[in-house]
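Novice: need the 3D shape of this:
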Amino acid sequence: MPVDLRLLYTCGDQMLVGRRRGGFAAGQWDSPSGKLEPGEALEHGMAREAFEETGLRLPPAQLRVVAMTHWHPPDGVPRIGVFFHLEADPAVHGEPVIAEPAKCAELRWAPLDALPRPLLRYTEIGVELFCSGRVYAAVDWPTGSNGPR
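Specialist: Okay, here's the model as predicted:
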């Protein structure tokens with residue numbers, strides 16, 4: 001089962017989001033994210049993905065797991081999503097940049113309570129969990145499936 005790593009990188013009440021370009025969810029806004037690689041610890045995978053996408057140097061030990069989802073997306077392949085939070089510290093992390101221009105058309109800060117649309121559903125779920133203090137959600141499982149209800 002794929003494990004997705006998703007970053008909620010905030011500066012006060014603002015969160016870093018990027019508008020996807022090409023491929024999956026093109027044109028939608030999303031948080032820095034990626035997939036766990038074999039043999040990789042969750043926090044190290046998140047730090048790697050954040051660096052690859054934004055140039056941010058995030059100390060893995062500072063990344064805090066704030067939410068988790070068991071999602072059944074439209075393609076039918078269930079996934080685990082692990083959402084990490086870290087408050088921005090430019091002196092330590094650097095400034096975010098578009099490090100993968102083929103995958104990201106725009107990068108910006110936006111209010112957590114007014115993120116740009118269309119926002120990737122996966123990101124929306126994680127932000128809702130984070131803001132509500134809930135840590136887990138089973139999402140979009142079809143009626144009658146063997147998955148969560």
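
Novice: list the beta-bridge partners for V3.
Specialist: Using DSSP bridges, the bridge partners assigned to V3 are I80.

Novice: double-check it against K35; I have them as touching.
Specialist: Yes: under the criterion of Cβ atoms under 8 Å, V3 makes contact with K35 at 6.8 Å. C-beta here means a position set from N, CA and C on the backbone, and glycine is covered the same way.

Novice: list the residues that contact the spatially most central residue of the chain.
Specialist: In the chain, the residue lying closest to the centroid (Cα atoms, centre = their mean) is R6, at 2.4 Å. Going by Cβ atoms under 8 Å, 6 or more residues apart in numbering, R6 touches S31, P32, S33, G81, V82, F83, F84, Y122, T123, G126.

Novice: what's the answer for C104, then?
Specialist: Applying Cβ under 8 Å, 6+ apart, the residues near C104 are G18, R19, R20, R21, E53, I98.
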